[in-house]
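>>> 3D model of this:
(one chain, ligands or ions: 2)
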Amino acid sequence: MKRDFLEVTDLSTEELTAILDLAERPSWPRPLENKGAALLFEKPSARTRNSTEVAVIQLGGHPVTLRGEEVGIDTRETAEDLARTLSCYHAVIAARVFDHGRLQRLAAAASVPVVNLLSDGSHPCQALADVLTLRQHFDSLDGRVVAYVGDYNNVTRSLEQAAALLGMEVRVATPEGYGPGGAAADAVKDADAVYTDVWTSMGQEAEAAARRQAFADYTVDEDLMALASPDAVFLHCLPAHRGEEVTTAVLEGPQSLVWRQAENRMHAMRGLLLFLLDGAT
Ligand code: CP
Ligand code: NVA
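Ligands and ions are numbered 1, 2, ... in the order given. Next up, the predicted model:
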């Protein structure tokens, strides 16, 4: 049975831990030797595309990156026909899509594992890197509190799911109408980690001005960080908009783990692919 990875909740706690362990292995086999990996992007990407391409190469494979417009999902041919075609050449298909339903259709039709590289609903590969970063930093994750400040979005959902599997609590603070509400200070107080993401996600650009107004009290700055535990770390999936969801002082400050977190996208992807490809045989 092939395994897909569309949501963090596709994994048990043991499986998530196994992926994190695989991510940290100093050496690895080459299960993708002489095989392809199709990476399909309907939206822009820096970290996800590059970390995934390199992870595929580290496992012996050849990544083929496709732009949404060149394959024309549901315009040039159906998602199902494309998934069946790509399954003829590739050992894995990974996709970044606007509509999560499209990813589910690709997965249902593909005969090889399908990985979610971000949808409107979730960003599970990011969450793998997030919890890997926290696990590397803290001795134990059980009972740790992560404060998420800003827009309740794809990154938040996957972070909550991964944190729950590992015994962590995520306290979310958003403006009214953009999630559960709540003041940023209440969420951050004594937290072990403070996490934020852009206020305007890809595909929401028309709302950017309204969102800047609505989120004005949700910037992670040094005053907010001072309310967290003295040992707290700062996380951001990137790309960051300095001066909006986070100040330069916090992003570049001593508590920030964002560059380690970005690097971990590659290690986490390698761990995930090792897990899925074993599971596929
Ligand atoms: N964090 C993340 O997914 O970055 P990209 O959009 O650049 O891939
Ligand atoms: N929430 C952001 C994450 C980018 C990695 C977006 O969807 O644009």
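
>>> Write out the residues of the protein neighbouring ligand 1.
Residues of the chain lying near ligand 1 by Cβ under 6 Å from any ligand atom: 45-48, 118, 126, 237-239. (C-beta placed from N, C-alpha, C; glycine too.)

>>> If any of these are buried, put those into a ChimeraX selection.
Those of the residues of the chain next to ligand 1 that count as buried under 16 or more other Cβ atoms under 10 Å are selected in ChimeraX with:
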select :45,47,48,118,126,237,238
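
>>> Can you flag which of the residues of the chain next to ligand 1 belong to helices?
Counting by DSSP state H, the residues of the chain next to ligand 1 place 47-48, 126 in helices.

>>> So which bits of the stretch 51-200 of the chain are right by ligand 2?
Proximity of the stretch 51-200 of the chain to ligand 2, by Cβ under 6 Å from any ligand atom, involves residues 118, 153-155, 197-198.

>>> can you pull out the helices in the stretch 1-150 of the chain?
13-23, 47-58, 68-71, 79-89, 100-109, 124-137 (DSSP state H, counting those that start in this stretch).

>>> Mind listing what's buried along the first one?
Just to be clear, that refers to helix 13-23. Buried, per 16+ other Cβ under 10 Å, within helix 13-23: 16-20, 22-23.

>>> Kindly report the same for the fourth one.
Judged by neighbour count using 16+ other Cβ under 10 Å, the buried positions of helix 79-89 are 79, 82-83, 86-87.

>>> would you turn those into TSV with pLDDT?
Shown next, in TSV, are the buried residues of helix 79-89 (pLDDT from 0 to 100):
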residue	pLDDT
Ala79	98
Leu82	98
Ala83	98
Leu86	98
Ser87	98
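
>>> Name the nearest of the residues you listed relative to Thr219.
Closest approach to Thr219 among those (Cβ to Cβ): Ala79, at 38.7 Å.

>>> re the thing from before, make CSV from the helices of the stretch 1-150 of the chain and add distance to Ala184 to it.
As requested, the helices of the stretch 1-150 of the chain are exported to CSV (distance: least, Cβ to Cβ, whole Å):
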stretch, distance to Ala184
helix 13-23, 28
helix 47-58, 25
helix 68-71, 35
helix 79-89, 39
helix 100-109, 28
helix 124-137, 19
